[in-house]
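S.K.: Sharing a sequence plus its predicted fold:
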Amino acid sequence: MSKQEDTVRNASSKRRLGLLAAVATAGVTAMAVAVPSHAASEAEEAGEAPRVSEVPQTGEELIEALTGLLPEGLEIGEAEGEGLDAGPDVYASLLAADDSGGTSIDLSVSRWATDDWRDIAGCQGFGEPREGFSCEQTELPDGSILSLVTEEYIEEGDPEEGFEPYHGKDWSVWLEGPGGEGLDEPGGRAVVVGASKDLTDVADPDAYVPPVDIEQLAEVAQAPVWQALLDEADARYGAPEEWVEEPASDIPAAELRDAFRSLAPEGLEITDGTDDEPGRATVLVDKGAGAGLVEITAFGGAQFEEPSELPADIAELAGPASEALPPTDEGGIPGPAAPADPLCDETELADGSWLTVCDWPASADDPIAMNWAAITYPDGTSVDITAYNVTDWEGSEPTGTDAVLSGTELAEIVVADEWRALFS
């Protein structure tokens, strides 16, 4: 599955759990791992688990706990974190000194609702094998699954297109298990610990050894403190609730399609799509060289909370104006910068609305092309129109090298007043 397709479809995988979203704002690649409560019980019986009063509560305490588990003598620079006082899912991220700019060390401890935690546990949760990726998993005596993961990213860059070369590597450890003491208990728990390094300017990247190696990361992941933290998250916040997708708005799909047809350039062949729901419509657009899918989504409305920022699916991709953005991996978390990234431009309009226009071309490694334009009105409602070079997400082949409509063409459509009128 391509990065573009994965971003849009949000396919079920470990990285879509959202364990690392907060860390992503720090501009680093975060990791997370799962610790089952039945393992915590065994540690408590052995007298190893910390008392509840010793469980880190704040981001600062979480950073202190993580730092205390790292090798002695490791110099720690910038650090940030969020603890149980802010919510049930916690994270910490810090910069460990080395001889070439530092390596980020990241922790995320989280829970998710599921009937069978094994559905995404272990290496299967990362999808099909790919170049630069490796995963080894072990079933521990208590039944939980420990996975050691490495992934390397190498992009040559393209100066003519404004893309710089990039070489990065991640080392991460995942320990996953059930949400209760028994292996068949509902719910899942994840604690992920990882290291991430930008090797672009390192003289000999193949010889680089992180200041905390993957075996040491595995020891950190299995520390009893994270098990006690998960237990307290259960006690304080209750069991995790299953995420239920709400409609983007109550605007009928037929009205969205009608508005698109009335505003689209002349000469297009437009047919109705089938993947519709309130607030979202699809059409197939053909300029004569092959059809492409177009998705139209309207966010917000009278009975919905007004978002304070760009729609989630756009915000994950759109960033500073006129800047190549980091790609998202399987959970929508930004990964290393690469030539296949979208190029986005954000503009404030005269009425206070914000227009975001992005082009994400196909590449040799990723044949999916997608362009989009989104307008966010002052009241928080918004409209997003995205075009692709495929007709569906069921395995169809690209019908061309470019998406069926450009970002500029989509922008001319999305700024029309007809869209705003649909919310009234």
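M.R.: Great, that's in hand.

S.K.: where's the nearest residue to D213 once chain neighbours are set aside relative to E155, distance?
M.R.: Spatial nearest neighbour of D213, excluding adjacent residues (C-beta to C-beta, 6 or more residues apart in numbering): W171 at 7.4 Å. Any C-beta I mention is one placed from the backbone N, CA and C, and that applies to glycine too. Look at W171 and E155: by C-beta to C-beta, to the nearest Å, they are 19 Å apart.

S.K.: The two: which is more packed in?
M.R.: Neighbours per residue (other C-beta atoms under 10 Å) separate W171 from E155, with W171 holding more: 24 against 21.

S.K.: before we move on, back to that, okay, and the residue nearest to D213 sits in which element?
M.R.: strand 166-178 (DSSP states H and E).

S.K.: so what's the residue nearest to D213 bridging to?
M.R.: Beta-bridge pairing for W171 (DSSP bridges): T150, A195.

S.K.: ok, it to L268 distance?
M.R.: From W171 to L268 the distance is 48 Å (C-beta to C-beta).

S.K.: Check E75 too.
M.R.: Separation of E75 from L268 (C-beta to C-beta) stands at 59 Å.

S.K.: Name the SS class of Y153, please.
M.R.: strand (DSSP: H, G, I helix; E, B strand; the rest coil).

S.K.: wait, isn't it in contact with Y166?
M.R.: Yes - applying C-beta atoms under 8 Å, one finds Y153 in contact with Y166, separated by 6.5 Å.

S.K.: which stretches of this structure aren't confidently modelled?
M.R.: Across the chain, the ranges flagged by pLDDT under 70 are 1-53, 161-162, 243-245, 301-341.

S.K.: and it, what are its domains?
M.R.: Per automatic domain parsing, the structural domains of the chain span 31-237, 253-421.

S.K.: I'd like these written out as TSV, with distance to E246 added.
M.R.: TSV is the format used below for the domains of the chain (distance: least, C-beta to C-beta, whole Å):
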stretch	distance to E246
domain 31-237	16
domain 253-421	8
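
S.K.: what ranges do the helices span in the stretch 301-424 of the chain?
M.R.: Assigned helices in the stretch 301-424 of the chain, in chain order: 312-315, 407-414, 417-421 (criterion: DSSP state H, counting those that start in this stretch).

S.K.: List of residues touching the longest one?
M.R.: What that stands for is helix 407-414. Helix 407-414 is contacted by residues 260, 263-265, 355, 357-359, 371-375, 383-387 when judged by C-beta atoms under 8 Å, 6 or more residues apart in numbering.

S.K.: Pull it out as PDB, backbone CA atoms only.
M.R.: In PDB, the C-alpha atoms belonging to helix 407-414 read as follows (Å, rounded to 0.1, in the frame of the first residue of the first chain):
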ATOM      1  CA  GLY A 407      -4.400  21.300  -6.900                       C
ATOM      2  CA  THR A 408      -5.000  24.600  -8.700                       C
ATOM      3  CA  GLU A 409      -8.100  23.300 -10.400                       C
ATOM      4  CA  LEU A 410      -9.400  21.900  -7.100                       C
ATOM      5  CA  ALA A 411      -8.700  25.300  -5.400                       C
ATOM      6  CA  GLU A 412     -10.800  27.100  -8.100                       C
ATOM      7  CA  ILE A 413     -13.700  24.800  -7.200                       C
ATOM      8  CA  VAL A 414     -13.400  24.800  -3.500                       C
END
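
S.K.: And that helix, what's buried?
M.R.: In terms of neighbour count (16 or more other C-beta atoms under 10 Å), helix 407-414 has its buried residues at G407, E409, L410, A411, E412, I413, V414.

S.K.: again, but for stretch 371-391
M.R.: Within stretch 371-391, the residues scored as buried using 16+ other C-beta under 10 Å are 371-377, 381-391.

S.K.: Over to stretch 106-120?
M.R.: Buried-residue list, stretch 106-120, by 16+ other C-beta under 10 Å: D106, L107, S108, V109, S110, R111, W112, T114, W117, R118, I120.

S.K.: Could you report the neighbour count for the closest residue to the second one other than its chain neighbours?
M.R.: I take that to be L107. Distance criterion C-beta to C-beta, 6+ apart; nearest residue to L107, sequence neighbours excluded, is A92 at 4.7 Å. When neighbours are defined as other C-beta under 10 Å, A92 has 28 of them.
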